[in-house]
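Enquirer: Below: sequence and its predicted model.
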Amino acid sequence: MPAAAPSLLELQRALRASLVVHDDSGAAAHLVEGEIGAAERLDIYRNTFASVLTAALRLSYPAVHRLVGAEFFEGATRIFLEASPPAKACLDDYGETFADFLSRFEPAASLAYLPDVARLEWAVNRALHAPDAAPLDVRRLAALAEAERAQVRFAPHPSVGLVRADHPVDLIWRAVLDENDSVLSAIDPGAGPVWLLLQRRAAGIDVQPVNERAWRFTSALCAGMPLAAAFDVARDLETSALLADHLAAGLFVDFTLKEASN
Amino acid sequence: MISLAQSWRNECGPIPAEAGVGLRFRHHREVLEARPAAKWFEVHTENYMGGGSAPGFLGAIRRDYPLSLHGTGLSLGSAEGLDPAHLARVREVVERFDPGLVSEHLSFSVADGTYLADLLPLPMTEEALGVVCRNVTQVQDSLKRRILVENPSSYLQFRHSTIPEWEFLALVAKRTGCGILCDVNNIYVSASNHGWRASAYLEALPPAAIGEIHLAGHSVRHIGAARTIRIDDHGSRVAPGVWALYAEALERFGLVPTLIEWDTDVPPMTVLLEEATRADALIQKAGNASGRALAA
């Protein structure tokens, strides 16, 4: 007996099940078969779904791809995209949870630093595609009274990222992308945590290791903490010099004197 | 004072009735440095959302070449309606680059909030027609401009379809005022896969609505030993049968801006320009023929 005609929404949900979780039970009955069967026709779209998204993840996670090899990467992404398919049609935004997936992915457990490399690559990807914004004109700060300046809450440039990792992932990431095996083999993955500050510059994405205190101070500023309170957090730090560096580097695009209203 | 957007519109705004080429990342730098003799470029809207170097390159290229924006993610056929956030991002890209043409597809890519990374075929039903028309109208209202809607290539059809695809597309154009992007390769591929007559597809489209033509390569995939299906993979030169169908399309629609698309294994710019030159020769031939017909 032919299946009753589905509503458009029902049909689209059935095709989603075919492509994402390989369940053709809803869609197959509604297809014209001819010489080629329903499953073979759906395979064409399934293959596109998997290959387009695997390619998108390979672009966002090139170091993870090289560390594990093409075959392993493809196997891992097939499982990932079944569980976490994209919600948005802009693929630059796809793959945010890949690092968390890798941290739970048993076959990758021997590479303890892999999820951290993925976290760094996601931050790099965010920095690459973040909106453009003009840096803060420091004359606006200079025009403030001293008491007002203490209350300044900065808005970071959209490309700024702050990553803390248990392993020296900046060194690993760079050596892998440079395909420099001798540098890579000299890195001690257990050499302790790193604190990284990322920002997009004209020449590319700058990944700068900083010390923990500088990282905490910068994080506080980027989170919108008032300047005076951020200075308190980082008591012994050369905060004035660091802030001057950040301003010169265009780390901030704006400030307010009030708490952000959200 | 003339804004940058206005000066673009004046200098390189409208897309000429000549052959342009699809611009992909690998050619950004070459286009800026070598200024190849392309008549116009088309890019995928979704590749220029956000900031950074890619939109920066496109902004610079836009100053010297007419530009068309071709979207792949709005999902005009989604029963659940358009993603307002995605539509807002499309609008930002359109406002930033002020393109001569904006186009999307007669297909769906989003179901249950999941992006399916392909242009999936719709059932050709009254319900789907209503959904597409509502979504196209929403896009045109949001962008405050007419869009072109492209006929898809497909590898499956639905049992409960009641309207031929060519009629469906003509009805969308009639009801929403949108234009049609006639992808001649897609007609060739779908006609071959489904046993349609490609010329009849062209004959059913309203010439006045045709705003652009797409040409691309496709491949033939073998399924088992004896069966084949044509796959619209944009990874080779335009096939001979597609060139012949293109000549028919020009005869029927008049002189229309035509794009060479190539997305898989993108070749050197010179190969794309060779294909464009071949399309331009056919446009010229069609122009001469219609001139003779008018003079006679």
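Expert: Here it is on my side, so go on. If you're wondering where the values come from, they're calculated on a predicted model, not measured in any experiment. Numbers count the residues shown, from 1 in each chain, chains lettered A, B, ... in the order given.
Enquirer: Where does pLDDT dip in the stretch 151-296 of chain B?
Expert: B:296 (pLDDT under 70).
Enquirer: show me where it has helices.
Expert: B:165-176, B:184-194, B:198-204, B:240-253, B:269-295 (DSSP state H, counting those that start in this stretch).
Enquirer: In the stretch 51-200 of chain A, mark out all the strands, start to finish.
Expert: A:153-156, A:161-165, A:194-201 (DSSP state E, counting those that start in this stretch).
Enquirer: so who does the residue of the stretch 101-250 of chain A found nearest chain B touch?
Expert: For the stretch 101-250 of chain A and chain B, the shortest gap (CB to the nearest CB) falls at residue A:132, measuring 3.5 Å. In short, each C-beta sits where N, CA and C put it, glycine included. Counting by CB atoms under 8 Å, 6 or more residues apart in numbering or on different chains, residue A:132 touches B:51, B:52, B:55, B:56.
Enquirer: Now tabulate the strands of the stretch 51-200 of chain A in a markdown table and tack on distance to chain B, mean neighbour count and mean pLDDT.
Expert: Below are those laid out as a markdown table (distance: least, CB to the nearest CB, whole Å; neighbours: other CB atoms under 10 Å in any protein chain shown; pLDDT from 0 to 100):
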| stretch | distance to chain B | mean neighbour count | mean pLDDT |
| --- | --- | --- | --- |
| strand A:153-156 | 14 | 22 | 98 |
| strand A:161-165 | 13 | 19 | 98 |
| strand A:194-201 | 6 | 20 | 97 |
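Enquirer: quick revisit: can you list the helices of the stretch 151-296 of chain B in CSV and add distance to residue B:81 and mean neighbour count?
Expert: Listed next are the helices of the stretch 151-296 of chain B as CSV, based on distance: least, CB to CB, whole Å; neighbours: other CB atoms under 10 Å in any protein chain shown:
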stretch, distance to residue B:81, mean neighbour count
helix B:165-176, 15, 19
helix B:184-194, 25, 23
helix B:198-204, 28, 17
helix B:240-253, 32, 18
helix B:269-295, 36, 15
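Enquirer: Which pLDDT value does the model give residue A:202?
Expert: What the model reports for residue A:202 is a pLDDT of 89.
Enquirer: Next, count neighbours for the closest residue to chain A within the stretch 1-150 of chain B.
Expert: Among all residues of the stretch 1-150 of chain B, residue B:73 sits closest to chain A, at 2.6 Å; criterion: CB to the nearest CB. For residue B:73, the neighbour count with other CB atoms under 10 Å in any protein chain shown is 25.
Enquirer: Likewise for residue A:220?
Expert: Residue A:220 has 19 nearby residues by other CB under 10 Å.
Enquirer: and what of residue A:159?
Expert: 27.
Enquirer: hang on, it packs against residue A:202?
Expert: No: the criterion here is CB atoms under 8 Å, and residue A:159 misses it with residue A:202 at 11.7 Å.
Enquirer: Angles on the backbone of residue A:191, please.
Expert: phi -70, psi 10 (degrees, to the nearest 10).
Enquirer: gap between the spatially closest residue to residue B:35 that is not a sequence neighbour and residue B:184?
Expert: Distance criterion CB to CB, 6 or more residues apart in numbering or on different chains; nearest residue to residue B:35, sequence neighbours excluded, is residue B:64 at 6.7 Å. Separation of residue B:64 from residue B:184 (CB to CB, to the nearest Å): 28 Å.
Enquirer: again with residue A:103
Expert: 49 Å.
Enquirer: cool, and residue A:178?
Expert: 45 Å.
Enquirer: Same question for residue B:289.
Expert: From residue B:289 to residue B:184 the distance is 18 Å (CB to CB).
Enquirer: Just the CA atoms of the lowest-mean-pLDDT helix or strand in chain A, as CSV, please.
Expert: In chain A, no helix or strand scores lower on mean pLDDT, DSSP states H and E than helix A:227-233, which sits at a mean of 89. Provided in CSV are the C-alpha atoms of helix A:227-233 (Å, rounded to 0.1, in the frame of the first residue of the first chain):
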residue,chain,number,x,y,z
LEU,A,227,39.5,49.0,35.5
ALA,A,228,40.1,49.7,39.2
ALA,A,229,38.7,46.3,40.2
ALA,A,230,40.9,44.6,37.5
PHE,A,231,44.0,46.4,38.9
ASP,A,232,43.1,45.0,42.3
VAL,A,233,43.0,41.5,40.9
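Enquirer: what does it rub up against?
Expert: Contacts for helix A:227-233 (CB under 8 Å, 6+ apart): A:149-154, A:216-217, A:220-221, A:225, A:239, A:243.
Enquirer: Pull out the buried residues from that helix.
Expert: A:227, A:230, A:231 (16 or more other CB atoms under 10 Å in any protein chain shown).
Enquirer: now swap in stretch A:19-35 and tell me
Expert: Quick answer for stretch A:19-35 (16+ other CB under 10 Å): A:19, A:20, A:24, A:26, A:27, A:28, A:30, A:31.
Enquirer: Excluding covalently adjacent residues, which one is nearest to the last one?
Expert: Same thing as residue A:31. residue A:38 (4.3 Å).
Enquirer: What's the local residue count around the one you found?
Expert: 18.
Enquirer: what's near enough to touch it?
Expert: Counted by CB under 8 Å, 6+ apart, residue A:38 has contacts A:24, A:27, A:28, A:29, A:31, B:156.
Enquirer: list the contacts for residue 27?
Expert: Assuming you mean chain A. Contacts of residue A:27 (CB under 8 Å, 6+ apart): A:11, A:14, A:15, A:17, A:18, A:38, A:42.
Enquirer: Sorry, I should have been clearer: chain B.
Expert: B:266, B:269.
Enquirer: quick one: the strands in chain B?
Expert: With strands called from DSSP state E, chain B shows them at B:19-22, B:41-44, B:67-70, B:101-105, B:108-111, B:114-120, B:148-150, B:179-183, B:210-216, B:219-223, B:227-231, B:258-261.
Enquirer: Name the strands paired with the fourth one and say parallel or antiparallel.
Expert: So the one you mean is strand B:101-105. Using DSSP bridges, the strands paired with strand B:101-105 are strand B:67-70 (parallel), strand B:148-150 (parallel).
Enquirer: ok and that strand relative to strand B:179-183, angle-wise?
Expert: 70 degrees (axes from the mean of the first three to the mean of the last three CA atoms, to 10 degrees).
Enquirer: Going by neighbour count, which residues of stretch A:88-98 are buried?
Expert: A:88, A:89, A:90, A:91, A:92, A:93, A:94, A:95, A:98.
Enquirer: Let me have those residues in JSON lines, extended by pLDDT and distance to residue A:185.
Expert: JSON lines is the format used below for the buried residues of stretch A:88-98 (pLDDT from 0 to 100; distance: CB to CB, whole Å):
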{"residue": "A:88", "pLDDT": "92", "distance to residue A:185": "39"}
{"residue": "A:89", "pLDDT": "93", "distance to residue A:185": "41"}
{"residue": "A:90", "pLDDT": "92", "distance to residue A:185": "38"}
{"residue": "A:91", "pLDDT": "93", "distance to residue A:185": "34"}
{"residue": "A:92", "pLDDT": "92", "distance to residue A:185": "33"}
{"residue": "A:93", "pLDDT": "93", "distance to residue A:185": "35"}
{"residue": "A:94", "pLDDT": "96", "distance to residue A:185": "32"}
{"residue": "A:95", "pLDDT": "97", "distance to residue A:185": "28"}
{"residue": "A:98", "pLDDT": "98", "distance to residue A:185": "26"}
